[in-house]
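> sequence plus the predicted model coming up.
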Amino acid sequence: MAQAQQENDAGKQPSQREQAIAQLKADGVWKAPLDRRKFITTAAAGWVIFAAAFGGLSAILAAFMAPRLDFTKAQKFRAGVPDEYSNDSVSEQFKNTEKVWIVRTTEKILAISTVCTHLGCTPNWSENEMKFKCPCHGSGFYGPRPGVEPGVNFEGPAPTPLPRFKITLADDGQLTVDKSQMFFKEKGEWSNPESFVAV
Ligand code: FES
(Lines give C-alpha, C1' and ligand atoms only; values in the text may rest on other atoms or scores of the structure.)
Protein backbone atom coordinates (compact mmCIF):
# COMPACT_ATOMS: atom_id res chain seq x y z
CA MET A 1 0.00 0.00 0.00
CA ALA A 2 2.78 2.40 1.10
CA GLN A 3 4.82 1.41 -1.88
CA ALA A 4 1.89 2.13 -4.19
CA GLN A 5 1.48 5.60 -2.64
CA GLN A 6 5.20 6.36 -3.21
CA GLU A 7 4.93 5.34 -6.80
CA ASN A 8 1.88 7.61 -7.19
CA ASP A 9 3.74 10.63 -5.66
CA ALA A 10 6.77 10.06 -7.83
CA GLY A 11 4.67 10.09 -10.93
CA LYS A 12 2.55 13.11 -9.87
CA GLN A 13 2.75 16.13 -12.22
CA PRO A 14 3.42 19.62 -10.59
CA SER A 15 0.33 21.82 -10.31
CA GLN A 16 -0.10 24.93 -12.47
CA ARG A 17 0.81 27.12 -9.49
CA GLU A 18 4.01 25.19 -8.86
CA GLN A 19 4.89 25.43 -12.54
CA ALA A 20 4.31 29.20 -12.52
CA ILE A 21 6.54 29.68 -9.46
CA ALA A 22 9.24 27.53 -11.01
CA GLN A 23 9.09 29.69 -14.15
CA LEU A 24 9.31 32.92 -12.12
CA LYS A 25 12.31 31.56 -10.23
CA ALA A 26 13.97 30.64 -13.48
CA ASP A 27 13.36 34.19 -14.79
CA GLY A 28 14.82 35.68 -11.61
CA VAL A 29 11.51 37.44 -10.84
CA TRP A 30 10.44 35.34 -7.90
CA LYS A 31 11.64 36.61 -4.53
CA ALA A 32 11.29 34.54 -1.44
CA PRO A 33 9.13 36.19 1.26
CA LEU A 34 11.08 38.37 3.74
CA ASP A 35 12.11 36.59 6.86
CA ARG A 36 11.12 38.13 10.20
CA ARG A 37 14.40 39.97 10.84
CA LYS A 38 14.54 41.46 7.32
CA PHE A 39 10.93 42.56 7.63
CA ILE A 40 11.58 44.43 10.92
CA THR A 41 14.73 46.09 9.53
CA THR A 42 12.94 47.22 6.37
CA ALA A 43 9.95 48.54 8.32
CA ALA A 44 12.22 50.49 10.71
CA ALA A 45 14.15 52.06 7.82
CA GLY A 46 10.88 53.04 6.14
CA TRP A 47 9.67 54.63 9.35
CA VAL A 48 12.89 56.64 9.74
CA ILE A 49 12.60 57.94 6.15
CA PHE A 50 8.94 58.85 6.68
CA ALA A 51 9.71 60.67 9.96
CA ALA A 52 12.57 62.64 8.35
CA ALA A 53 10.39 63.64 5.40
CA PHE A 54 7.51 64.62 7.69
CA GLY A 55 9.86 66.64 9.92
CA GLY A 56 11.21 68.50 6.89
CA LEU A 57 7.73 69.24 5.63
CA SER A 58 6.67 70.49 9.06
CA ALA A 59 9.67 72.83 9.20
CA ILE A 60 8.86 74.25 5.75
CA LEU A 61 5.20 74.70 6.71
CA ALA A 62 6.13 76.43 9.98
CA ALA A 63 8.46 78.83 8.15
CA PHE A 64 5.71 79.56 5.63
CA MET A 65 3.10 80.23 8.31
CA ALA A 66 5.31 82.41 10.52
CA PRO A 67 4.49 86.13 10.36
CA ARG A 68 6.95 88.04 8.18
CA LEU A 69 7.73 90.76 10.63
CA ASP A 70 11.23 91.93 11.21
CA PHE A 71 11.32 92.53 14.95
CA THR A 72 14.98 93.46 14.76
CA LYS A 73 14.25 96.68 12.84
CA ALA A 74 13.39 99.60 15.06
CA GLN A 75 9.93 101.00 14.48
CA LYS A 76 10.57 104.25 16.35
CA PHE A 77 12.86 107.11 15.42
CA ARG A 78 13.59 110.62 16.63
CA ALA A 79 12.78 113.42 14.21
CA GLY A 80 14.28 116.47 15.90
CA VAL A 81 12.44 119.36 17.53
CA PRO A 82 9.36 121.10 16.07
CA ASP A 83 11.28 124.33 15.41
CA GLU A 84 13.38 122.51 12.81
CA TYR A 85 10.32 122.52 10.55
CA SER A 86 8.81 125.68 9.12
CA ASN A 87 5.11 126.19 8.50
CA ASP A 88 3.66 124.59 5.36
CA SER A 89 6.81 122.59 4.68
CA VAL A 90 7.68 119.02 3.77
CA SER A 91 10.90 117.47 5.05
CA GLU A 92 12.34 114.61 3.04
CA GLN A 93 15.20 113.80 5.41
CA PHE A 94 13.53 110.52 6.49
CA LYS A 95 12.09 109.57 3.09
CA ASN A 96 14.77 107.05 2.13
CA THR A 97 15.68 105.71 5.55
CA GLU A 98 12.22 105.52 7.18
CA LYS A 99 9.74 105.99 4.29
CA VAL A 100 8.27 108.95 6.13
CA TRP A 101 7.71 112.62 5.27
CA ILE A 102 7.59 115.05 8.18
CA VAL A 103 5.00 117.66 7.23
CA ARG A 104 4.26 120.81 9.17
CA THR A 105 1.16 122.94 8.64
CA THR A 106 0.27 126.07 10.58
CA GLU A 107 -1.54 123.84 13.11
CA LYS A 108 0.24 120.50 13.39
CA ILE A 109 3.20 118.28 12.57
CA LEU A 110 2.54 114.99 10.81
CA ALA A 111 4.50 111.85 9.91
CA ILE A 112 3.13 110.78 6.52
CA SER A 113 3.79 107.47 4.78
CA THR A 114 5.70 107.69 1.48
CA VAL A 115 3.98 104.58 0.05
CA CYS A 116 1.39 105.30 -2.64
CA THR A 117 -1.99 103.79 -1.78
CA HIS A 118 -2.52 102.68 -5.38
CA LEU A 119 0.18 100.05 -5.95
CA GLY A 120 2.92 101.00 -3.55
CA CYS A 121 5.28 103.23 -5.57
CA THR A 122 7.00 106.18 -3.92
CA PRO A 123 5.57 109.56 -4.92
CA ASN A 124 7.79 112.62 -5.37
CA TRP A 125 7.32 115.83 -3.44
CA SER A 126 6.80 118.78 -5.79
CA GLU A 127 7.32 122.07 -3.97
CA ASN A 128 6.24 124.07 -7.02
CA GLU A 129 2.86 122.36 -7.17
CA MET A 130 2.69 121.71 -3.42
CA LYS A 131 1.70 118.10 -3.96
CA PHE A 132 3.03 114.56 -3.77
CA LYS A 133 2.98 113.12 -7.30
CA CYS A 134 3.30 109.40 -7.94
CA PRO A 135 5.48 108.63 -11.00
CA CYS A 136 3.87 105.23 -11.65
CA HIS A 137 0.26 106.04 -12.60
CA GLY A 138 -0.07 109.74 -11.83
CA SER A 139 -1.82 109.82 -8.46
CA GLY A 140 -1.59 113.14 -6.66
CA PHE A 141 -1.84 113.85 -2.92
CA TYR A 142 -2.15 117.28 -1.34
CA GLY A 143 0.82 118.91 0.31
CA PRO A 144 0.46 121.32 3.25
CA ARG A 145 -1.72 124.02 1.76
CA PRO A 146 -4.38 126.09 3.47
CA GLY A 147 -7.81 124.49 3.54
CA VAL A 148 -6.76 120.90 2.78
CA GLU A 149 -5.44 117.94 4.74
CA PRO A 150 -1.92 116.92 3.64
CA GLY A 151 -1.80 113.47 2.10
CA VAL A 152 -5.37 113.41 0.77
CA ASN A 153 -5.61 111.90 -2.73
CA PHE A 154 -7.19 114.17 -5.33
CA GLU A 155 -6.10 112.86 -8.76
CA GLY A 156 -5.17 109.56 -10.40
CA PRO A 157 -6.10 106.02 -9.37
CA ALA A 158 -5.02 106.06 -5.70
CA PRO A 159 -8.16 105.05 -3.77
CA THR A 160 -7.32 106.50 -0.36
CA PRO A 161 -5.13 109.17 1.30
CA LEU A 162 -1.58 108.48 2.47
CA PRO A 163 -1.74 107.09 6.01
CA ARG A 164 -0.04 108.79 8.94
CA PHE A 165 2.18 107.34 11.64
CA LYS A 166 2.01 107.95 15.34
CA ILE A 167 3.97 111.06 16.28
CA THR A 168 4.46 112.42 19.79
CA LEU A 169 6.57 114.94 21.63
CA ALA A 170 8.97 113.27 24.07
CA ASP A 171 9.90 114.73 27.47
CA ASP A 172 13.14 116.09 26.01
CA GLY A 173 11.19 118.10 23.41
CA GLN A 174 12.03 115.79 20.50
CA LEU A 175 9.48 114.51 18.03
CA THR A 176 9.21 110.72 18.11
CA VAL A 177 7.68 108.77 15.22
CA ASP A 178 6.35 105.28 15.89
CA LYS A 179 5.77 103.36 12.66
CA SER A 180 4.12 100.44 14.43
CA GLN A 181 0.94 102.52 14.64
CA MET A 182 -0.83 103.95 11.58
CA PHE A 183 -3.83 106.23 11.24
CA PHE A 184 -6.17 106.11 8.24
CA LYS A 185 -8.47 108.93 7.17
CA GLU A 186 -11.01 106.49 5.71
CA LYS A 187 -11.38 104.94 9.17
CA GLY A 188 -11.87 108.33 10.83
CA GLU A 189 -8.53 108.04 12.65
CA TRP A 190 -6.96 111.41 11.77
CA SER A 191 -8.64 113.05 14.73
CA ASN A 192 -6.73 110.75 17.09
CA PRO A 193 -4.36 113.02 19.09
CA GLU A 194 -1.51 110.54 18.57
CA SER A 195 -1.68 111.05 14.78
CA PHE A 196 -0.26 114.59 15.01
CA VAL A 197 1.58 117.02 17.26
CA ALA A 198 -0.22 120.31 17.67
CA VAL A 199 1.88 123.48 17.25
S1 FES B 1 1.38 103.26 -7.61
FE2 FES B 1 1.06 105.37 -7.36
S3 FES B 1 -0.37 105.86 -8.86
FE4 FES B 1 -0.07 103.75 -9.09
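Thanks, I have it.

> the chain against the ligand: which residues are in contact?
116, 118-121, 134, 136-139, 156-158 (CB under 6 Å from any ligand atom). No exception for glycine: its C-beta is placed from N, CA and C like everyone else's.

> including distance to Asp172, neighbour count and pLDDT, could those residues go into CSV?
CSV is the format used below for the residues of the chain next to the ligand (distance: CB to CB, whole Å; neighbours: other CB atoms under 10 Å; pLDDT from 0 to 100):
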residue, distance to Asp172, neighbour count, pLDDT
Cys116, 34, 23, 98
His118, 38, 18, 98
Leu119, 39, 12, 98
Gly120, 35, 9, 98
Cys121, 36, 15, 98
Cys134, 36, 24, 98
Cys136, 39, 15, 98
His137, 42, 12, 98
Gly138, 42, 12, 98
Ser139, 37, 24, 98
Gly156, 40, 17, 98
Pro157, 42, 14, 98
Ala158, 37, 24, 98
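
> in stretch 168-188, what counts as buried?
175-179, 181, 183-185 (16 or more other CB atoms under 10 Å).

> check those and tell me the two furthest apart.
Thr176 and Lys185 (22.0 Å; CB to CB).

> name every strand pairing with the helix or strand hosting Phe141 and say which way it goes.
Secondary structure assigned from DSSP states H and E places Phe141 in strand 140-142. Sheet pairing here is set by DSSP bridges, and for strand 140-142 it gives strand 131-133 (antiparallel), strand 153-155 (antiparallel).

> what number of residues lie near the residue lying closest to Gly143 once chain neighbours are set aside?
Closest residue to Gly143 apart from its sequence neighbours, by CB to CB, 6 or more residues apart in numbering: Met130 at 4.1 Å. When neighbours are counted by other CB atoms under 10 Å, Met130 registers 15.
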